[in-house]
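Colleague: sequence and predicted structure, then a few things I'm wondering about:
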Amino acid sequence: MHLFRYLALTVLSLTAVSAKKAPSATKFNTYLAQQAVAAPIELDETAYAELTTAPRDYSLAVLLTARAPKYSCGICREFDTEWKILGSSWHRQDKTGQHRVLFGTLDFDQGKNVFLQLQLQTAPVLLYFPPTVGPNAKSDPVPVRFDFLGRQTAEGIHAWITRHLPAGNNYPNVSRPINYGRIGATITIVLGVFTFLTVAYPYILPIIQNRNLWSGISLILILLFTSGHMFNHIRKTPYVAGNGRGGISYFAGGFQNQFGMETQIVAAMYALLAFGAINLALRVPRIKDSRTQQVAVIIWVTVLFGMYSFLMRVFRIKNGGYPFWLPPF
């Protein structure tokens with residue numbers, strides 16, 4: 001009888017020890033099998049409580065999110081794809097659970113009480129639960145929280161999680177699936193552009209080789225930038241300003257200031273001067289009738305003289321100390 005009692009007590013004690021050790025290992029294996037079907041694991045309140053309850057001999061990363069359109073959480077739906085890429089990449093390279101890491105997702109519709117318990121006012125939120133038992137157990141079992149500020153990628157979250165895991169291990173990398181749709185679209189676009197250029201080449205080549213076209217483009221760019229267009233974009237200058245007497249000032253005093261409309265006026269003056277010079281150099285000499293040619297010369301010289309006089313007047317407006325001027329301005 002004494003021997004029987006001793007054996008019974010020994011069996012009961014071993015059973016108790018096994019019962020203490022088994023739940024954590026069994027829990028990890030159970031959810032690892034679920035992760036093999038779909039990673040990350042879709043959790044509800046019961047599964048979340050079971051996974052986060054101590055003892056834990058595994059690490060757990062849980063994304064608390066609100067993906068339904070009624071919550072208008074754009075970042076939740078955007079990051080959900082990255083989170084699934086991270087979870088599936090990790091499981092494909094660690095099918096046996098060697099690193100003992102689980103990935104889960106708890107949506108607001110399945111975990112409202114968890115959100116209330118954690119007093120979460122925003123989503124998404126990522127929580128990392130360290131192991132509470134085993135060689136990698138943390139002294140502080142409180143989960144680490146990752147708050148989303150801007151767009152996050154699977155690679156960035158992977159780096160954040162691995163920082164909290166034991167150092168020195170060769171953890172799985174993020175492996176993005178091949179986007180066959182994008183590859184197909186790119187090939188289609190390239191073939192379409194190549195076909196278009198092949199067919200349109202005889203018609204496009206004369207246009208590209210047209211000197212007048214490139215001369216016009218060059219003149220437009222020169223007028224655009226010499227008139228101060230880039231200055232306006234850098235300094236964010238106003239279009240016009242009041243002159244203090246109830247009127248409008250189109251020209252800003254000083255050579256370090258200007259208005260948006262001032263740039264347009266100066267560009268128009270330069271364009272007219274350039275157009276007059278080009279006509280005198282190219283168009284007028286081709287006029288066969290001498291009298292018509294003489295009249296054209298007088299007209300364009302008058303335009304150049306008057307416009308250059310106005311340009312010098314603008315210089316005097318910008319800086320009263322400018323010493324040069326021409327009539328009639």
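Modeller: Yep, it's here. Numbers count the residues shown, from 1 in each chain.

Colleague: low-scoring pLDDT stretches of the stretch 201-329 of the chain, where are they?
Modeller: Across the stretch 201-329 of the chain, nothing is flagged by pLDDT under 70.

Colleague: mind giving me the domain split of this structure?
Modeller: By the record's domain assignment, the chain is partitioned as 25-164, 210-318 (the TED database).

Colleague: most neighbours per residue, which of those?
Modeller: Of all the domains of the chain, domain 25-164 has the most neighbours on average by mean count of other Cβ atoms under 10 Å, namely a mean of 17. Backbone N, C-alpha and C define where each C-beta goes, glycine included.

Colleague: with only the CA atoms kept, save stretch 312-319 in PDB.
Modeller: C-alpha atoms of stretch 312-319 as PDB (Å, rounded to 0.1, in the frame of the first residue of the first chain):
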ATOM      1  CA  MET A 312      14.300 101.600 -69.700                       C
ATOM      2  CA  ARG A 313      11.400 103.400 -68.000                       C
ATOM      3  CA  VAL A 314      10.700 100.200 -66.100                       C
ATOM      4  CA  PHE A 315      14.300 100.100 -65.000                       C
ATOM      5  CA  ARG A 316      13.900 103.600 -63.600                       C
ATOM      6  CA  ILE A 317      10.800 102.500 -61.700                       C
ATOM      7  CA  LYS A 318      12.700  99.600 -60.200                       C
ATOM      8  CA  ASN A 319      15.600 101.900 -59.200                       C
END
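
Colleague: any idea how far it is from the chain center?
Modeller: Mean C-alpha position of stretch 312-319 versus that of the full chain (Cα atoms, centre = their mean, to the nearest Å) differs by 45 Å.

Colleague: what about V190, how many neighbours?
Modeller: Other residues near V190 come to 10 when the count uses other Cβ atoms under 10 Å.

Colleague: from F231, how far out is it?
Modeller: 40 Å (Cβ to Cβ, to the nearest Å).

Colleague: for L280, same thing?
Modeller: 30 Å.

Colleague: can you give me the strands for the stretch 1-150 of the chain?
Modeller: Taking DSSP state E, counting those that start in this stretch to define them, one finds strands in the stretch 1-150 of the chain at 41-43, 59-65, 101-107, 125-129, 144-147.

Colleague: for R77, find the nearest of these.
Modeller: Within the strands of the stretch 1-150 of the chain, the stretch nearest R77 is strand 59-65; the backing value is 8.6 Å (Cβ to Cβ).

Colleague: the strands of the stretch 1-150 of the chain into a markdown table, with extra columns for distance to V240 and mean pLDDT?
Modeller: Converted to a markdown table, the strands of the stretch 1-150 of the chain look like this (distance: least, Cβ to Cβ, whole Å; pLDDT from 0 to 100):
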| stretch | distance to V240 | mean pLDDT |
| --- | --- | --- |
| strand 41-43 | 60 | 93 |
| strand 59-65 | 51 | 94 |
| strand 101-107 | 55 | 94 |
| strand 125-129 | 50 | 93 |
| strand 144-147 | 46 | 88 |
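
Colleague: out of these, which gets nearest to A167?
Modeller: For the strands of the stretch 1-150 of the chain, proximity to A167 was assessed by Cβ to Cβ; strand 59-65 is nearest, at 13.5 Å.

Colleague: show me what that closest one is packed against.
Modeller: Secondary-structure packing of strand 59-65 (3 or more Cβ pairs under 8 Å, 6 or more residues apart in numbering; DSSP states H and E): helix 45-52, helix 74-93, strand 101-107, helix 112-118, strand 125-129.

Colleague: picking that back up, mind putting the domains of the chain into JSON lines with distance to N170?
Modeller: Listed next are the domains of the chain as JSON lines, based on distance: least, Cβ to Cβ, whole Å:
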{"stretch": "domain 25-164", "distance to N170": "9"}
{"stretch": "domain 210-318", "distance to N170": "50"}
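
Colleague: to A185, which of these lies closest?
Modeller: Comparison of those against A185 by Cβ to Cβ identifies domain 25-164 as nearest, at 18.1 Å.
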